[in-house]
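Peer 1: Sequence and predicted structure below; questions after.
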Amino acid sequence: MDWRPLEHAIGYEFSRPELILRSLTHRSYGTPHNERLEFLGDSVLNCIIAAELYDRFDKLSEGDLTVHRTNLVRQQALHRIAQGLALGDFLLLGEGELKSGGHTRPSILADALEALIGAVFLDGGFGAARSVIRGLYADLLRDLDPKSIGKDPKTLLQELLQSRRIALPKYTVISTIGAAHSQQFQVECTIPELDIRTTGSGGSRRVAEQEAALLAFEKIGK
């Protein structure tokens, strides 16, 4: 397959073609597939989007930054970007996924985009990944209204669990450190049915809960 149109679309040319090939190979097609690259790309994406928001919006609180980051890296946003790249045209899928329309499935496209970011990171380093992500997110970041906060991580997690008919999570403060004017909270989010337990921290219980919810959401929301 000719990857050049995709490389042109993301503004990056791979020096190691095997990385772009792996990033677009779904596990249904065979091995090596893109799940490890997806894991890496997810972390790189979160880091770079967090840095972009931090630099652009110096008046936003930690909690609001977390909300905006969550909305920008959630499946819906990734799917939208992947569609703009026509990423589905480049995916390598097994026969079953091809027949069921896997090349248009939001979860598969979102995962493949994260894997592609991970591949760029391995091929060209952090600077290359940052340049690609800035390009991919140029419109979303330009149109972002810092005063208009979308759904917070707790709400996103609640809606996701409700859609799967899973009991809502439980939030528990497990520690409070520091003087009253500068306390640091640690909150645990547990979802027994999925055997998920995450811990968030922050300068308020709300921020800590949102961070714990975000971590839980990222584990199951793809």
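Peer 2: On my side now, so go ahead.
Peer 1: quick one: S204 and K147, what's the gap?
Peer 2: 20 Å (Cβ to Cβ, to the nearest Å). The C-beta positions use only the backbone N, C-alpha and C, and glycine is treated the same way.
Peer 1: And D111, by the same measure?
Peer 2: 32 Å.
Peer 1: More neighbours: those two, which one.
Peer 2: Between D111 and K147, counting by other Cβ atoms under 10 Å, D111 is the more crowded of the two (25 against 9).
Peer 1: how near is the more buried one to P32?
Peer 2: Taking Cβ to Cβ, one finds D111 at 15 Å from P32.
Peer 1: got any ranges where this protein has weak pLDDT?
Peer 2: The chain contains residues with pLDDT under 70 at 148-150, 181-182, 221-222.
Peer 1: domain ranges for it?
Peer 2: With domains defined by automatic domain parsing, the chain comprises 4-143, 153-220.
Peer 1: continuing past the longest helix along the chain, what's the next helix or strand?
Peer 2: Secondary structure of the chain per DSSP state H: the longest helix is helix 35-56. Using DSSP states H and E, the helix or strand that follows helix 35-56 in sequence is helix 62-73.
Peer 1: Who are the packing partners of that next one?
Peer 2: helix 35-56, helix 153-163, helix 205-220 (3 or more Cβ pairs under 8 Å, 6 or more residues apart in numbering; DSSP states H and E).
Peer 1: Next one: the residue nearest the centre of the chain from L141, what distance?
Peer 2: Nearest residue to the geometric centre of the chain (Cα atoms, centre = their mean): V73, 3.9 Å. Distance of V73 to L141, given as Cβ to Cβ: 12 Å.
Peer 1: what does S23 give?
Peer 2: 23 Å.
Peer 1: quick one: buried residues of stretch 3-12?
Peer 2: Residues of stretch 3-12 classed as buried: 6, 10, 12 (neighbour count, 16 or more other Cβ atoms under 10 Å).
Peer 1: what do you get for stretch 68-88?
Peer 2: Neighbour-count burial for stretch 68-88 [16+ other Cβ under 10 Å]: 68-75, 77-79, 81-82, 85, 87-88.
Peer 1: what does stretch 197-209 give?
Peer 2: Residues 198-200, 202, 205, 207-209 are the ones in stretch 197-209 that count as buried (16+ other Cβ under 10 Å).
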